[in-house]
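Enquirer: Quick one, structure for this:
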Amino acid sequence: MSVEIGDQAPDFKLKSDSGEDVKLSAFRGKKVVLYFYPEDDTPGCTKQACDFRDNFAALQGAHAVVLGVSPDSIESHVKFKKKYDLNFPLLSDPDHKVAEKYGAWGEKNNYGKKYIGLIRSHFVIDEKGKLIDVRRRVSSKDSMRLALEALTKSAAR
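Expert: So this is what the prediction gives:
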């Protein structure tokens, strides 16, 4: 399954780093940057998370919340969040069912080796739950900037 711009974002419920259940539908009325990353505390994933952290005020100014999702455990998320002082929830998707709904789980290629795993992606969702930006295989260094551009464009409409 895969989703595209204009589709309704699939709802889900996942555990956060605080141990609470987080439902996407609970954020209706706000914009959401939902990003999927392969693994806590790896170079690219740390860069992406810290970019969202460092631009949190701009994202809030665009009336958006940030949710990071990976297959890592809640315990791993707690350590990662604390180590880098992340200021948004990290959600655990250990069976990658949510990633599959968004098309963020699939074939990857690393140095010629093909395998199945989490595809770095982000999805910007409007106040009504519609997808306004879909980026699969997004670069860790470009993800935050592209998400913020999508939020800015949607505010100008």
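Enquirer: Give me the nearest residue to the residue nearest the centre of the chain, chain neighbours excluded.
Expert: Centroid-nearest residue in the chain, with Cα atoms, centre = their mean: Y35, separated by 1.1 Å. Leaving out its chain neighbours, the residue that sits closest to Y35 by Cβ to Cβ, 6 or more residues apart in numbering is H122, at 4.0 Å. Glycine gets a C-beta too; all of them are placed from N, C-alpha and C.
Enquirer: what about the helix or strand hosting the one you found, average pLDDT?
Expert: Under the criterion of DSSP states H and E, H122 resides in strand 121-125. Averaging pLDDT along strand 121-125 yields 97.
Enquirer: Name the next helix or strand following that strand along the chain.
Expert: Assignment by DSSP H and E places the next element after strand 121-125 at strand 131-136.
Enquirer: Not counting that following strand itself, show me its contacts.
Expert: Contacts with strand 131-136, where a contact means Cβ atoms under 8 Å, 6 or more residues apart in numbering, come from 3-9, 103-104, 119, 121-126, 143, 146-147, 150, 154.
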